[in-house]
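Enquirer: I need the structure of the sequence given here:
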Amino acid sequence: MSEEKTETTMYQIADQFIALANQLSQQENDIGKVGTALRFAAARYNAFEAAIKSSNLEAEKDNALEWFSEEFKGMLSENLNDHIKNPPGSQQASEEAVVEKDDSVQIFKN
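Expert: Just a heads-up that it's a prediction; the model follows:
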């Protein structure tokens, strides 16, 4: 019998980042701070990715910004729709307490 190496999917990798973000949110008691840090980390890593893949990043910067922005917008829309259809359950009350203290998240409240 040979061992087959299975490739880690994008979703499995994303779940690892989310698990770390959840852990940090509990430690910091500040979901907005962790969300902001995660967005900054994604932006920083995506800029690195673009730099590695581009032969002339200065000339391709606007295209890279548009591509990454559209990718994020689509992913965010899909996940927002998922949370609309499947609101967080028992964790919602504890997360709302943290959200109420977070000015960055208040932007989205009416």
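Enquirer: now for the top helix by length along the chain, which elements pack on it?
Expert: Criterion DSSP state H: the longest helix present in the chain is helix 57-85. If you count contacts as 3 or more C-beta pairs under 8 Å, 6 or more residues apart in numbering; DSSP states H and E, helix 57-85 packs onto helix 31-53. For every residue, glycine as well, the C-beta is placed using N, CA and C.
Enquirer: ok and the host helix or strand of Q12 relative to helix 57-85, angle-wise?
Expert: According to DSSP states H and E, Q12 maps onto helix 10-28. Counting by axes from the mean of the first three to the mean of the last three C-alpha atoms, to 10 degrees, helix 10-28 lies at 80 degrees to helix 57-85.
Enquirer: Name the residues of helix 10-28 that are buried.
Expert: Buried residues in helix 10-28, defined by neighbour count with 16 or more other C-beta atoms under 10 Å: 21, 25.
Enquirer: Give me the distance from it to the chain's centre.
Expert: A distance of 9 Å separates the centroid of the chain from that of helix 10-28, by C-alpha atoms, centre = their mean, to the nearest Å.
Enquirer: contacts for that helix?
Expert: Helix 10-28 has contacts (C-beta atoms under 8 Å, 6 or more residues apart in numbering) with 31, 34-35, 37-38, 98.
Enquirer: Can you convert these into JSON lines and add a column each for neighbour count and distance to N86?
Expert: Shown next, in JSON lines, are the contacts of helix 10-28 (neighbours: other C-beta atoms under 10 Å; distance: C-beta to C-beta, whole Å):
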{"residue": "I31", "neighbour count": "21", "distance to N86": "18"}
{"residue": "V34", "neighbour count": "20", "distance to N86": "21"}
{"residue": "G35", "neighbour count": "15", "distance to N86": "19"}
{"residue": "A37", "neighbour count": "14", "distance to N86": "25"}
{"residue": "L38", "neighbour count": "16", "distance to N86": "21"}
{"residue": "V98", "neighbour count": "18", "distance to N86": "20"}
